[in-house]
Every structure is written in structure tokens, then in C-alpha cells.
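K.L.:
3D, please:
(2 chains)
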Amino acid sequence: MKRHKIKRETDFQIISGWIDAGNRVLDIGCGRGILLEHLIRSLKVRGLGVDPNLDKIQSCVKRGVPVYHGTAEDLLQAFPDGFFDWIILSRMVQELAHPGELIRESLRVSKNVAVGFVNHGFWLNRWATLLTGSRPTNEVFPLSWEAGHPYNPVTVEGFNAFASKHGIHVANTAFLKGNWRNQTRFLPNLTAGYAIYHLQATATSKA
Amino acid sequence: MYDPPTETTEESPGEIGIVQWKDFHWREPFTFDSGDEIPGFTLRYETYGKLNAEKSNAILICHALSGDHHCAGIHSLADKKPGWWNNIIGPGKPLDTNKYFVICSNCLGGCQGSTGPKSVNPASGTAYNMDFPLVSIRDMVKAQHLLLTEGLGLPGLFAVIGGSMGGMQVLQWGIDYPGYVEKLIPMATTARQNAQSIDFNEVGRLAIMQDPDWKEGAYEEGHGPNVGLAVARMMAHITYLSDAGLEEKFGRDKIRHEGARSQFDAEFQVESYLRYQGQSFINRFDANSYLYLTKALDRFDLFGESGRLEDQLEAIQSQTLVVAFKSDWLFPPEQNRSIVHALLRCGKEATYAELSLTLGHDSFLVHAPDLYTIVRNFLNA
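P.N.:
Predicted coordinates:
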């Protein structure tokens, strides 16, 4: 099995473990619909994906995964508060133009939000930046600066600060080591290669 | 002899070959949405492929305003063109006639063999003309339902697919006969027309009704308001295309105009093209039908009195794939999206795709590989 496939499995398993059978789930940046297909088959969730890339849409349709071709911002405004049980933002926040806004809008539309991101605070990522002065390029982020692909260097500490600033309740977290497989609880800002947060809105965050 | 390939694959699709239309006669009174009644009706239709033993592989195609039942194959070897949607229907094509039993009927109110305003009213022995009841999208679907259940004995449909006015019928199918259809594919359509589309239809109708040959609809066949109908068609045809599409096809290319009688003879290729569209339309379309069908488009409104699309779409039980075209400015992507948004708010299973085809509203009629892929994937999933 390829390394990126193992990586995908672990964070999918953790998120799947948080979701209840029959839940209404929106996967933002669903790609080819692999996570949703798994959730629909194993948990009978009422799933929907959203992705701006037609090629990904075609793959979702082939899998039988309902999907919306467009931007998450456009789709979310069509829904009333608390419509979904879960919104999943897996490996998205690094690449968004306005990640904070999208997370907060997701918290309006969904009772629970799962955010998974590559931790730029992970010591190897820091080391790579220290050595090269540039953002890390690796198998997860193969594109270097000239591709113009956005890269927000989000960290565990930075994410915690964002949540507390907006009064967002962190209901659960999972930190994966550099192999994205085993969990770590020790100094996650330094030792976690990947972080997954379970967020919920509060009266403060809604204000 | 016309000899279509017998073994076909998705990579090298085959042709249907020669087809023959049939007529379905309903001999009992038919009540329209308006409450008006006619003593019976005829729908002209074609079928392609074979119905399976379980009767579970039928796909209905709903045609657009100026379309008809002849959507694939040819009627004779002398035909210059195949049916209007031949590039999506056939062995190995997305609407694969090796797998599916495909049906298309000319709609009620039409003029290609189905009962419409130029049909003979049995009560008077003359054409209905303006005595024909106002026909709605619901009436068209209701008549198709009779064809499928009473005429063809189908217990259900695997899918209903159509663009533009056909897309409206697809939605109405899902609403009026939930449970009858497994999958809906409306494309380049709208839950109700905006003022702009109503305006275009109104100009077309006025062009027809202002033509002295219209005679309150009581014109003799072959002596109708040809000028008005051609102008209506020419104007409407522009709304089906796009600036980029016309630019690509014609630009400012000029035609030779030596011997032109006046400085207002067609000078640009695009003018000549449009005149041809108008001329060929009067040979195949009836002006009264055009009035009735455009009115059906204008009055179609799934938002209803409550103004909530969900009140109507709530009834749908089918999986739905809505396809819009970026360059469509007649029923633009926003209007297609609002259908999907409402379906999703109702908790329905709906998929939306927006294709970057450049030819405008009529993009579904041209060679469109992205469209073929998504239709094929949606039907196969």
C-alpha cells in the first residue's frame, strides 16, 4: 500500500468514529468521494460532497456519491442553521482563501464540524522551512511556490488560538504523528504531523 | 444498404439505424390543468432498444420547445440528418440502446403528430385553433404518463431526462409521479422563468399574432403567419446560443452579395444563418402550437403561491442530477442551482454539475463529452 493511502485511512477512521449512523454529512472539498462512499456504505449516512473540480465530480457520480459542483461558500448559504449533523473539512484549511470564515459558516450550518489539517508546527515541517526558507514540499504538498497553490501554514497552537478567540468549543481532538498513523498527546504542536478537531458552536461563537 | 455496426463499445458507439414512429390514441376524455376537457388525444412517439423482461430499463426523453419525438436514428436512407439527440442515444452511447429501452413522445399541444391546436376538434369537425385548452407542463406529463402506463404497460421508469422545457417536464415527472421514476436528469432548465425569458416569449408571440396571416389562429394549413413565426424563431434562436458561440462559428464573416437587391439583404454569414433558421422552422412548426407551448413555459412555476420551491419538490423520491451550462444565459446556472439547493434542503439525494460548454442554452444538443460522461456515470451508479 502506498504511504499516502495509509495516511488517508487513519484520518478517515478517526472521523468515521465520530459520526453516527444515519447522520446528515457534508464533505467540503470531497475530492473523488472516497470518504463519503465509505461513510454511506458503512454508516448509511445521508452524504453530500462539494468540490469545484469537474473531474472530481465525475468520480463522485461514478461512485454513486451525491455531489455539488461549485464552491462551499455558495452551497453553505443555501442551508438553514444546524441543517447538517456533520461537516467535514479534511485537508482543506491549508488551501483556503478564507479558512476562518468557512469554518465559522460551517459551524452555523452544522451541529458538528470535523477539521483535519497538516500541522505546520510539526518539527520536520519547521526544519524544512528553516533549511530551505521556503514552504515544505512533500508527497502531501507536492507543489512548490510557482504553482501559486495557496498554503496556509496552520499550526495546532494557531488553531487553538483561533477556536478560543471565537468561542468555538473543541469537543475532541486527535493528533497523529509524522507517519499519520499513531496518535500522540505529547506536545502536539511539535510532534503531530496531522491534527483532527471536532468543533461545536457555542452561544459566543454564534454571536 | 444502411448497415450499422452490431458489436459496439463505449469507445466506438454505433447507430440505431432506421426507425419508425408510432401513434398512441387515448380515446377517453382528458382534463387539462385549466379544467378544460378534450374527448381524447394522440401522442406520436418513437422507441429505441428493447424493454427487458423485468420492464425496468425504460428511459423517457422529454424534448424542448421546438423538438419532437424523433430524437435518434433516421426515418429513411434519404434523410440528411438523424434525430435531434442522436449523439447521446444509440448502441454504446450514454443512453445505451443495448441496455435501455428509450422512449420519446411529441408533447401534447405540439404539432408533429401529437394532438395540438391544429388537430381536428371532433365536436366541430374543424381545427381547434384558439379553442384548444391552455396546455401546461403538467398536462404534457400527464399525457405522457398515459402513454407509458396504458399504451406501453410500463410499471415504472428507470430515468427521465430532458433539457430546457424538457427539463421542466422531468421535474414535473418527479413531483406528480413520485415512485414511478428512479432517476431524474433535468438540464439547462428552471423552476420558473424570470421576467427576461417571459419577455422573449412574448415578443415571439406578438410577431406571430401581428402577422395578418394569423387570422386569430384560424389560418389554413400551409398559409399561416410564416413571417411572424420565422421572426419569432429567429429571435428565440439567439437566446439559445451565446456571444462566444456565435463569434466562434460566424464572427463577422461576410457573404458575397453581388447582385444584392438592396443594402439590407443578408450581408453577414450570421444573418444568413438566422434567416435559414427562421425559414426551415416554418416548414416544420405550427404557429398556434408555438403560442401554446411558449405560454406553457411562461406559466410553469414550481415556486407556486407560497414562493417556496420546497413545497413542490418535497414530493420527489427519485435521485436527481441537475446539469447546467456556464454559457447558458436563458436558464442560467443560478436557476439550475436553486433547484438543487431546494432539493437538498428537502433532504433529497441530488447532484449538481456545471459544464463549461460555450454554446449557450443549446449546449446539450452539441458534441459534449463531459455531459456524456456524467449522464453515463449517473445512470450506471
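K.L.:
who does the residue sitting nearest the centre point of chain A bridge with?
P.N.:
Centre of chain A computed as the mean C-alpha position; nearest residue by CA atoms, centre = their mean is residue A:90, 2.0 Å away. Under DSSP bridges, the beta-bridge partners of residue A:90 are residue A:116.
K.L.:
From residue A:29, how far out is it?
P.N.:
Distance, residue A:90 to residue A:29, using CB to CB, to the nearest Å: 7 Å. (Glycine included, C-beta is placed from N, CA and C.)
K.L.:
same thing with residue B:232?
P.N.:
Distance from residue B:232 to residue A:29, counting by CB to CB: 46 Å.
K.L.:
The two: which is more packed in?
P.N.:
Between residue B:232 and residue A:29, counting by other CB atoms under 10 Å in any protein chain shown, residue B:232 is the more crowded of the two (29 against 20).
K.L.:
got a pLDDT number for the more buried one?
P.N.:
Predicted confidence (pLDDT) for residue B:232: 98.
K.L.:
How about the secondary structure of it?
P.N.:
With DSSP: H, G, I helix; E, B strand; the rest coil as the basis, residue B:232 sits in helix.
K.L.:
Report the contact partners of it.
P.N.:
Counting by CB atoms under 8 Å, 6 or more residues apart in numbering or on different chains, residue B:232 touches B:203-205, B:207-208, B:290.
K.L.:
Kindly provide the distance from it to residue B:210.
P.N.:
Relative to residue B:210, and taking CB to CB, residue B:232 is found at 10 Å.
K.L.:
likewise residue B:377?
P.N.:
Remark: distance between residue B:377 and residue B:210 (CB to CB) = 48 Å.
K.L.:
Neighbour count: those two, which is higher?
P.N.:
Set residue B:377 next to residue B:210 and count neighbours by other CB under 10 Å: residue B:377 wins out with 20 against 12.
K.L.:
Now do the same contact list for the more buried one.
P.N.:
A:58, A:61-62.
K.L.:
Just name the closest of those residues to residue B:105, please.
P.N.:
Minimum distance to residue B:105 across the contacts of residue B:377 is 27.7 Å, recorded for residue A:61 (CB to CB).
K.L.:
List the buried residues in the helix or strand that contains that closest one.
P.N.:
Using DSSP states H and E, residue A:61 falls within helix A:54-63. Across helix A:54-63, burial judged by 16 or more other CB atoms under 10 Å in any protein chain shown covers A:54, A:56-63.
K.L.:
for stretch A:126-137, same thing?
P.N.:
A:126, A:128, A:135-136.
K.L.:
same check, this time on stretch B:238-253
P.N.:
The neighbour-count check on stretch B:238-253 (16+ other CB under 10 Å) flags B:238-242, B:245-246, B:250 as buried.
K.L.:
what's in contact with it?
P.N.:
With CB under 8 Å, 6+ apart as the criterion, stretch B:238-253 contacts B:197, B:200, B:268-270, B:273-274, B:327-330, B:358-362.
K.L.:
In those, find the pair that's most separated.
P.N.:
Maximum pairwise distance among the contacts of stretch B:238-253 (CB to CB): 27.3 Å, between B:197 and B:269.
K.L.:
Can you pick out the residue with more neighbours from these two?
P.N.:
Taking other CB under 10 Å, residue B:197 and residue B:269 do not tie; residue B:197 has more neighbours (19 against 15).
K.L.:
Now that one. Nearest residue, chain neighbours left out?
P.N.:
residue B:330 (6.1 Å; CB to CB, 6 or more residues apart in numbering or on different chains).
K.L.:
Tell me the one of the buried residues of stretch B:238-253 nearest residue A:100?
P.N.:
Using CB to CB, the buried residues of stretch B:238-253 come closest to residue A:100 at residue B:242, 37.9 Å.
K.L.:
Residue B:22: which of the buried residues of stretch B:238-253 is nearest?
P.N.:
residue B:240 (29.0 Å).
K.L.:
Show me the helices in chain A, by range?
P.N.:
Ranges of helices in chain A, per DSSP state H, are A:3-18, A:34-43, A:54-63, A:72-76, A:99-109, A:123-132, A:156-165, A:188-191, A:203-206.
K.L.:
Just tell me which of those ends up closest to chain B.
P.N.:
Of all the helices of chain A, helix A:54-63 sits nearest to chain B, with 4.3 Å by CB to the nearest CB.
K.L.:
which parts of chain A sit against chain B?
P.N.:
Within chain A, the positions lying close to chain B (CB under 8 Å from any CB of the partner chain) are A:24, A:46, A:48, A:54, A:57-58, A:60-64, A:66-70, A:74-75, A:78-80, A:83.
K.L.:
ok, now with 10 Å
P.N.:
A:24, A:26, A:46-50, A:52, A:54-55, A:57-70, A:74-75, A:77-80, A:83 (CB under 10 Å from any CB of the partner chain).
K.L.:
PyMOL command to pick out the buried ones of the residues you listed?
P.N.:
In PyMOL syntax, the buried subset of the residues of chain A next to chain B is picked out as below (16+ other CB under 10 Å):
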select buried, chain A and resi 24+26+46+47+48+49+50+54+57+58+59+60+61+62+63+64+65+66+67+68+69+70+75+78+79+83
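K.L.:
if we can go back for a sec, quick one: the helices of chain A as a markdown table, columns for mean pLDDT too.
P.N.:
Shown next, in a markdown table, are the helices of chain A (pLDDT from 0 to 100):
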| stretch | mean pLDDT |
| --- | --- |
| helix A:3-18 | 77 |
| helix A:34-43 | 95 |
| helix A:54-63 | 98 |
| helix A:72-76 | 96 |
| helix A:99-109 | 97 |
| helix A:123-132 | 88 |
| helix A:156-165 | 97 |
| helix A:188-191 | 90 |
| helix A:203-206 | 86 |
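K.L.:
In TSV, list the ones you listed along with distance to residue B:63.
P.N.:
Formatted as TSV, the helices of chain A follow (distance: least, CB to CB, whole Å):
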stretch	distance to residue B:63
helix A:3-18	44
helix A:34-43	34
helix A:54-63	24
helix A:72-76	31
helix A:99-109	38
helix A:123-132	58
helix A:156-165	54
helix A:188-191	60
helix A:203-206	49
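K.L.:
Among those, which comes closest to residue B:221?
P.N.:
Minimum separation from residue B:221 across the helices of chain A (CB to CB) falls at helix A:54-63, 46.5 Å.
K.L.:
CA atoms only: put that closest one into CSV for me.
P.N.:
The C-alpha trace of helix A:54-63 is given here as CSV (Å, rounded to 0.1, in the frame of the first residue of the first chain):
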residue,chain,number,x,y,z
LEU,A,54,-15.4,18.7,-12.6
ASP,A,55,-13.1,15.7,-12.8
LYS,A,56,-13.6,15.0,-9.1
ILE,A,57,-17.4,15.4,-9.6
GLN,A,58,-17.3,12.8,-12.3
SER,A,59,-15.6,10.4,-10.0
CYS,A,60,-18.1,11.0,-7.2
VAL,A,61,-21.0,10.4,-9.6
LYS,A,62,-19.4,7.2,-10.8
ARG,A,63,-19.2,6.1,-7.1
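K.L.:
So what touches it?
P.N.:
For helix A:54-63, the surrounding residues in contact (CB atoms under 10 Å, 6 or more residues apart in numbering or on different chains) are A:27, A:29-34, A:36-37, A:40-41, A:47-51, A:53, A:65-70, B:321, B:351-356, B:370, B:373-381.
K.L.:
8 Å - rerun?
P.N.:
Residues outside helix A:54-63 that contact it (CB under 8 Å, 6+ apart): A:30-34, A:36-37, A:49, A:51, A:66-67, A:69, B:321, B:351, B:353-356, B:370, B:373-374, B:377-378, B:380-381.
K.L.:
And stretch B:50-64, by the same measure?
P.N.:
With CB under 8 Å, 6+ apart, stretch B:50-64 has contacts from B:49, B:69, B:71, B:84-85, B:89, B:95, B:99-104, B:106-107, B:140, B:144, B:148, B:152-167, B:169-170, B:173, B:379.
K.L.:
Many thanks, we can stop here.
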